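Novice: starting from these lines, generate the structure:
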Amino acid sequence: MIPHELTQALTPPATFDKPVLETLVSLIDYTRLVDNDSEDLIQVFSQAAKTPLGNVAAICVYPKFLQAVRATQGKSLPLATVVNFPSGDKTLESVCHEIDYALSHDADEIDLVFPYRAYFADQKQQALKMISTAKKLCGNNCLKVILESGELALESLEELTKRVIDAGADFIKTSTGKTSTGATLEAAYLILKTISQHNRNIGFKASGGIKTTEQAWQYFRLSQLLLDEKWASKFHFRVGASSLLDNILKKSS
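Specialist: Numbering: from 1, shown residues only. The predicted model follows:
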């Protein structure tokens with residue numbers, strides 16, 4: 001699916017120099033979405049978001065933990081949270097309540113699971129309405145739309161990406177990390193290619209199973225090849241992960 005010349009360019013280097021590691025850290029949406037979690041554990045987790053290699057792009061937690069993170073970090077880092085998560089099957093009214101709650105509890109960014117099952121069950125307009133309604137509620141706050149690409153046929157991704165962009169998404173995100181197949185380079189290629197052809201102001205977030213520096217670098221490099229090096233900053237490119245940060249930090253020691 002990915003052209004051969006791009007595949008060759010995605011071979012990770014044997015070693016990573018410090019500027020590359022710093023860049024990768026700055027692109028992480030540092031994520032903890034653990035069932036039966038606690039405020040104490042969330043606060044300990046969030047303290048690791050500021051590292052010797054710099055700060056992560058944002059901290060992503062469940063809505064009920066937003067203020068626990070804010071109490072630890074203040075306004076120093078953006079806060080992201082998830083809605084319609086993880087199944088994407090909630091009603092529009094329920095999702096609106098979730099967004100209102102998140103924004104009133106200091107969320108800066110909303111990661112919304114696209115109702116992909118409804119969309120592919122011939123409820124396309126209703127599914128897309130959730131995106132447009134969510135964007136109206138978000139206003140200037142960033143809306144990232146999770147396609148759950150591992151559950152979809154690859155041939156559907158380009159058209160779906162276009163429609164979700166048109167509906168109001170600020171970022172297109174691959175996965176929740178809660179299904180058997182998370183992010184893949186093949187899905188990322190199709191999403192990034194569509195962004196490059198359709199609206200270069202839209203961002204991309206790879207998420208779901210990205211644990212190593214090598215994996216993160218491949219998604220970052222793919223975005224550079226399909227768009228450009230300036231585009232691939234935290235304003236347009238993110239990696240959603242938890243254990244990835246530790247892996248990067250070990251590379252620098």
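
Novice: all strands of the stretch 101-250 of the chain, in order?
Specialist: 109-113, 142-146, 171-173, 203-207, 237-241 (DSSP state E, counting those that start in this stretch).

Novice: mean confidence score for the second one?
Specialist: If you average the pLDDT over strand 142-146, you get 98.

Novice: same thing with the third one?
Specialist: In this model, strand 171-173 carries a mean pLDDT of 98.

Novice: which residues are contacting it?
Specialist: For strand 171-173, contacts defined as Cβ atoms under 8 Å, 6 or more residues apart in numbering pick out 111, 142-147, 161, 164-165, 191, 195, 202-207, 238, 240. C-beta coordinates here come from the backbone N, C-alpha and C atoms, glycine included.

Novice: cool, the fourth one as well?
Specialist: The contact list for strand 203-207, computed with Cβ under 8 Å, 6+ apart, reads 29, 31, 111, 142, 144, 146, 170-177, 182-183, 188, 191-192, 195, 216, 219, 223, 235-241.

Novice: just the buried residues out of those, in PyMOL syntax.
Specialist: Filtering the contacts of strand 203-207 down to the buried ones (16 or more other Cβ atoms under 10 Å) takes a single PyMOL command:
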select buried, resi 29+31+111+142+144+146+170+171+172+173+174+175+176+177+182+183+188+191+192+195+216+219+223+236+237+238+239+240+241
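
Novice: so Phe204 bridges to which residues?
Specialist: Applying DSSP bridges to Phe204 gives these bridge partners: Ile172, Phe237.

Novice: what number of residues lie near it?
Specialist: Using other Cβ atoms under 10 Å, Phe204 is surrounded by 27 other residues.
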